[in-house]
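1. could you look at this predicted model? Sequence included:
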Amino acid sequence: VVYLYFKITQQSAHYCKIMNAIKRNVPNLITLGNLTCGLLSIVLSFEGKLEVAAAFIFFGAILDFFDGFASRLLKVSSEIGKQLDSMADLITFGLAPGFIIYKLILLQPCFIIGWSYDDYVLLSYTSFLIPIFSAIRLARFNIDSKQTSSFVGLPTPASAIFIASLPILSYFYGTEFKLELLLGITIILSLLLVAELPLFSLKISKVENLKSQLNIIRIIFLISCVILLFVLEFAAIPFIVILYIFLSIINNLIK
């Protein structure tokens, strides 16, 4: 009886260790799924399938939300998980959208008089500002303890979603984007990533008043998102990002 009790206890302890290991790594596995989406997006961009590459950035954004949700739900967190999340975000929300912009610029006709194609290719390297400034943004986020309930600078998923919406709009609605517009989007988003601009988070703190100004802003944003998506469908995506920035500025001004 003692022997059987010992064996059962030993197996039970071993089973608990396995389950705890699985529980601890669930968020990390979701993060790796996010990273995989980014890698697939880059490959598809090189193959010219920009709308599919954009779709994988959206999938990555969904997984990025759920890895944090799973971490809070399971009450597990680790330093390696935090670093892994940033690395995955750099690929999916920095490098992948950078390549989409790069390919979109190359698809535009060269209009600058006296420029050769090689000069024009050099202009497309402006797209690399997106991954460069995304890396700076993520590095700052990792060392800034104040960015737990709000953000300073545009979050990389928001920037990536804005860029990913461009080939989607082109595919479904035949929207054309001129070279000047693409360059302007690249530069503006890059600056917003590192700007000292406070932006609200959608996370609600337990100690926060439900009728606070910030929660009212959040409700306005969420209702507006639903209306825009219902009316404009995919075309609503860039407007949602712009609305997020605009409402954050309004929230800062009336504090």
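-> Nice, thanks for sending it over. The shown structure was predicted, so the numbers you read here are calculated from the model rather than taken from an experiment.

2. can you name the next helix or strand after the helix or strand of the chain with the lowest mean pLDDT?
-> Least confident helix or strand, the chain: helix 2-46 with a mean of 75, by mean pLDDT, DSSP states H and E. Of the helices and strands lying after helix 2-46 in sequence (DSSP states H and E), the nearest is helix 50-74.

3. what sits against the residue most central in space within the chain?
-> The centre of the chain sits closest to residue 157, judged by C-alpha atoms, centre = their mean, with a distance of 1.6 Å. By C-beta atoms under 8 Å, 6 or more residues apart in numbering, residue 157 lies in contact with 61, 64, 89, 93. C-beta coordinates here come from the backbone N, C-alpha and C atoms, glycine included.

4. how much space separates it from residue 58?
-> Using C-beta to C-beta, to the nearest Å, residue 157 is found at 10 Å from residue 58.

5. what do you get for residue 232?
-> Using C-beta to C-beta, we find residue 232 at a distance of 16 Å from residue 58.

6. assumed residue 77 was part of a strand.
-> No - going by DSSP: H, G, I helix; E, B strand; the rest coil, the assignment for residue 77 is coil, not a strand.

7. low-confidence ranges in the stretch 101-250 of the chain?
-> 109-117, 145-149, 204-211 (pLDDT under 70).

8. help me confirm that residue 96 comes into contact with residue 53.
-> Yes - using C-beta atoms under 8 Å, residue 96 is in contact with residue 53, at 7.0 Å.

9. mutual contacts of these two, please.
-> By C-beta under 8 Å, 6+ apart, residue 96 and residue 53 have these common neighbours: 41-42, 45.

10. could I get the residues you listed in CSV, plus columns for distance to residue 190 and neighbour count?
-> Shown next, in CSV, are those (distance: C-beta to C-beta, whole Å; neighbours: other C-beta atoms under 10 Å):
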residue, distance to residue 190, neighbour count
41, 19, 30
42, 19, 19
45, 18, 26
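
11. tabulate the residues you listed (a markdown table), appending distance to residue 220.
-> Below are these laid out as a markdown table (distance: C-beta to C-beta, whole Å):
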| residue | distance to residue 220 |
| --- | --- |
| 41 | 32 |
| 42 | 36 |
| 45 | 35 |
